[in-house]
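A.B. asks: Fold the following.
(chains A and B)
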Number of protein chains: 2
Amino acid sequence: MIYVIGIGPGDKRLMTGEALQAIEDAEVIVGYVTYIKLIKELIKDKEVVKTGMRREIDRCQEAVDIALTGKKVAVVSSGDAGIYGMAGLVLELAEKSNPDLEVKVIPGITASIGAAAVLGAPIMHDFCHISLSDLMTPWEVIEKRLTHAAMADFVVCFYNPRSKGRANHLANAFQKMMEHKSGDTVVGIVKDVGRKEERKIITTMQGIDYELVDMTTMVIVGNKETYVKNGKMITPRGYSL
Amino acid sequence: MIYVIGIGPGDKRLMTGEALQAIEDAEVIVGYVTYIKLIKELIKDKEVVKTGMRREIDRCQEAVDIALTGKKVAVVSSGDAGIYGMAGLVLELAEKSNPDLEVKVIPGITASIGAAAVLGAPIMHDFCHISLSDLMTPWEVIEKRLTHAAMADFVVCFYNPRSKGRANHLANAFQKMMEHKSGDTVVGIVKDVGRKEERKIITTMQGIDYELVDMTTMVIVGNKETYVKNGKMITPRGYSL
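C.D. replies: The predicted structure follows:
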C-alpha cells in the first residue's frame, strides 16, 4: 500500500485529517528532505527515506519497491500531490512494477489556494495554473499557454516561477502576456505560504520586482476585473453590490 | 471577526485543522443549508444562520452585520471559499460596511483537487478551472475561455457543469472544445466527492453520457497526453520512464 500525500504549504494546521491519518498509518515515509523536515514531529518513530532534489523517479521507485515488500509507505510532497507533485509518477511506476499494488492519493492544499487566502480572494473567477519550469516542458508550449491564458483573461497562478537557473522566466512570461494584458493588471505575490517567514506583496505586472520571486513563491496575476482594496486582492465573481 | 471557511468536498476528514479550529472558535455559523448539514456534528452548541440557494449576498451581509455587533462569525462554504465560494463577497461587503472589520479566509480542498485524487492524477500538468454557470458571466466569455483552453491544451476542470436550468451547457462546451481537441480525449467524472454516494466514471469527450452530470459533479477533461491505465486517469508530467 502506498499513500501519496499532499502535506499542504507547510503549516501543520493546513493539513487535512485524512493526511494526518495516513501518515500515522504508514510504516515508512519517503520524501524530499525539505518536506520531511516540515513534518518531523509527526514521524518521530517511523522509518524515513530522504532524498535530494531532482531525484523524483528514484524516490518514487524506492517507495514502490518498499511497498512491494508488504510495508505501508507514505510518499509526502508539499501542497497537493496531484498538482506538479508525486501522484502521477507513483501511479505510473506502481503500475509498471505490479498493477495490484494499491495507491491512494490524499488531497492537500496546493500553493495557489494557500496563497489566495493570504492575498484575499484573487481566484474567485476562472483561473489556470502554469508551471514555468521548462525541465520537462518545452518553452514554446509554456509560451503558447501564456498567450492563450492572457487572451482568455484567465487569472493565472504561476508554479516554479523563477529559480537561479531560470532567472528570466517570469519576466519573459510577463512580457509575453502583456501583449494581451494591461501592465496595470494586479499581481499578488506570497513567499513561504503558511511558514514562519510568510510575506505578501501586492503589485502590478509592470511594477513587479522580479528579485522578490524564487521557487517558494506563488505569483498570481489577476484578470481585467481584479482590484485591490484595503490591502486585499479581489477578483469579483460578478455580484451586483 | 469573520472567518470564511472552505469545508472541503464534504467528508470531515478532508477539512484542514485550521478550518476545524476556526469553526470551534466562532460563535455564529452562517451558511447555505446543505453545507450546514455537512458539518452539523461540529456546530451543535452554536448559533446557526441557514439560508437558501442564490441568497449569497443576503447571507454574507448578514454575516457582516452580526460580526459588527462584536461576535465571531464563520461563513462556511463547500470546497475552498476562495474558488467560486464566499470569500470575495464577504471581503467586498465587509469593506463597504466597515474597513476595520477583520476577515480571515481559511483554505479548503476544492472539488477539482478532491476529484483528481479519486480519479488518479489527471491535473499533474497545467490546467484551468472554468465555471459553466452563466448567471453572472456572459456565455460568450465562457465560450472564449473554452476555445483558448482547448487551443492551449490545458487540462480543464468544470465547475457548475450542468443543472436543470442549464441542461445543455456541458454538451455545448464539449462541442466548442472539440473544434480543437480530439473526441478521444479522456474525461473523468466524479459525483459527490468525499460523500457516501461518491461515484467515479472515466470516459471520453465523444463517449460521455451527459445525463450522469449534475451540479454536485466534477468533470475533468484531459490534455493530449492524458491516458487511462488500471482504472486511473493520468496526465503525465513528462518524466522519461
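
A.B. asks: Check the secondary structure at A:Ala115 for me.
C.D. replies: What DSSP: H, G, I helix; E, B strand; the rest coil gives for A:Ala115 is helix.

A.B. asks: Okay, it and chain B: tell me how far apart.
C.D. replies: Distance of A:Ala115 to chain B, computed by CB to the nearest CB, to the nearest Å: 9 Å. For glycine as for every other residue, the C-beta is placed from the backbone atoms N, C-alpha and C.

A.B. asks: Check A:Met215 too.
C.D. replies: Separation of A:Met215 from chain B (CB to the nearest CB): 16 Å.

A.B. asks: which ones are touching that residue?
C.D. replies: A:160-163 (CB atoms under 8 Å, 6 or more residues apart in numbering or on different chains).

A.B. asks: got the residues you listed as CSV, with secondary structure, distance to B:Leu146 and neighbour count columns?
C.D. replies: Formatted as CSV, these follow (DSSP: H, G, I helix; E, B strand; the rest coil; distance: CB to CB, whole Å; neighbours: other CB atoms under 10 Å in any protein chain shown):
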residue, secondary structure, distance to B:Leu146, neighbour count
A:Asn160, coil, 26, 17
A:Pro161, coil, 26, 23
A:Arg162, coil, 30, 22
A:Ser163, coil, 33, 14
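
A.B. asks: Quick one, which of the residues you listed has the minimum pLDDT?
C.D. replies: Among the contacts of A:Met215, A:Ser163 has the lowest pLDDT, at 88.

A.B. asks: Got the phi and psi for the nearest residue to that one once chain neighbours are set aside?
C.D. replies: Leaving aside its sequence neighbours, A:Ser163 sits nearest to A:Met215 (CB to CB, 6 or more residues apart in numbering or on different chains; 5.0 Å). The phi/psi pair for A:Met215 (degrees, to the nearest 10) reads phi -70, psi -20.

A.B. asks: Then A:Val156?
C.D. replies: The phi and psi values for A:Val156, taken as degrees, to the nearest 10, are phi -120, psi 130.

A.B. asks: right, and A:Thr16 touches B:Glu18 too?
C.D. replies: No. Using CB atoms under 8 Å, A:Thr16 is not in contact with B:Glu18, being 10.4 Å away.

A.B. asks: okay, these two: which has more neighbours?
C.D. replies: The residue with more neighbours, out of A:Thr16 and B:Glu18, is A:Thr16; 28 against 23, by other CB atoms under 10 Å in any protein chain shown.

A.B. asks: Report the beta-bridge partners for that one.
C.D. replies: B:Thr16 (DSSP bridges).

A.B. asks: give the contact list for it.
C.D. replies: The contact partners of A:Thr16, taken as CB under 8 Å, 6+ apart, are A:8, A:106-109, B:8, B:13-16, B:109.

A.B. asks: pLDDT at it, what is it?
C.D. replies: Predicted confidence (pLDDT) at A:Thr16: the value is 97.

A.B. asks: State the distance from the residue nearest to the spatial centre of chain A to A:Tyr84.
C.D. replies: In chain A, the residue lying closest to the centroid (CA atoms, centre = their mean) is A:Ala111, at 4.4 Å. Note on A:Ala111: its distance to A:Tyr84, by CB to CB, to the nearest Å, is 9 Å.

A.B. asks: between those two, what contacts are shared?
C.D. replies: Common contacts of A:Ala111 and A:Tyr84, defined by CB under 8 Å, 6+ apart, comprise A:Tyr159.

A.B. asks: any chance you could map the helices in chain A?
C.D. replies: Remark: helices assigned in chain A by DSSP state H are A:17-25, A:33-38, A:56-68, A:87-97, A:111-119, A:139-151, A:169-177.

A.B. asks: where among these is the average confidence lowest?
C.D. replies: Averaged per stretch, pLDDT over these is lowest on helix A:33-38, reaching a mean of 88.

A.B. asks: What are the buried residues along that helix?
C.D. replies: Buried residues in helix A:33-38, counted by 16 or more other CB atoms under 10 Å in any protein chain shown: A:35-36, A:38.

A.B. asks: Also stretch A:204-221?
C.D. replies: Neighbour-count burial for stretch A:204-221 flags A:205, A:208, A:213, A:216-221 (criterion: 16+ other CB under 10 Å).

A.B. asks: average pLDDT for that stretch?
C.D. replies: Per-region confidence: stretch A:204-221 scores 96 on mean pLDDT.

A.B. asks: my guess is A:Ala87 meets B:Leu119, correct?
C.D. replies: No. Look at A:Ala87 against B:Leu119 with CB under 8 Å: they stay out of range, at 10.2 Å.

A.B. asks: Looking at these two, which one has more neighbours?
C.D. replies: Neighbour tally, A:Ala87 and B:Leu119, criterion other CB under 10 Å: the higher count belongs to A:Ala87, 33 against 29.

A.B. asks: State the number of residues packed around A:Asn223.
C.D. replies: 23.

A.B. asks: Now do the contacts for it.
C.D. replies: Remark: with contacts taken as CB under 8 Å, 6+ apart, A:Asn223 is in contact with A:125-126, A:153-155, A:185, A:235.

A.B. asks: For those residues, work out which two are farthest apart.
C.D. replies: A:Asp126 and A:Thr185 (15.2 Å; CB to CB).

A.B. asks: Could you chop chain A up by domain?
C.D. replies: With domains defined by the TED database, chain A comprises A:1-104, A:110-232.

A.B. asks: one step back: could you point out the member of the buried residues of helix A:33-38 that lies closest to chain B?
C.D. replies: Chain B lies nearest to A:Leu38 out of the buried residues of helix A:33-38, by CB to the nearest CB, at 14.2 Å.

A.B. asks: circling back: just want to know which of A:Asp126 and A:Thr185 has more residues nearby.
C.D. replies: A:Asp126 (24 against 21).

A.B. asks: Please name the nearest non-neighbouring residue to A:Lys232.
C.D. replies: Spatial nearest neighbour of A:Lys232, excluding adjacent residues (CB to CB, 6+ apart): A:Gly120 at 3.1 Å.

A.B. asks: just checking, that neighbour touches B:Glu92?
C.D. replies: No. Between A:Gly120 and B:Glu92 there is no contact under CB under 8 Å: 9.7 Å.

A.B. asks: what touches both of those two?
C.D. replies: Jointly contacting A:Gly120 and B:Glu92 under the rule CB under 8 Å, 6+ apart are A:Ile234.
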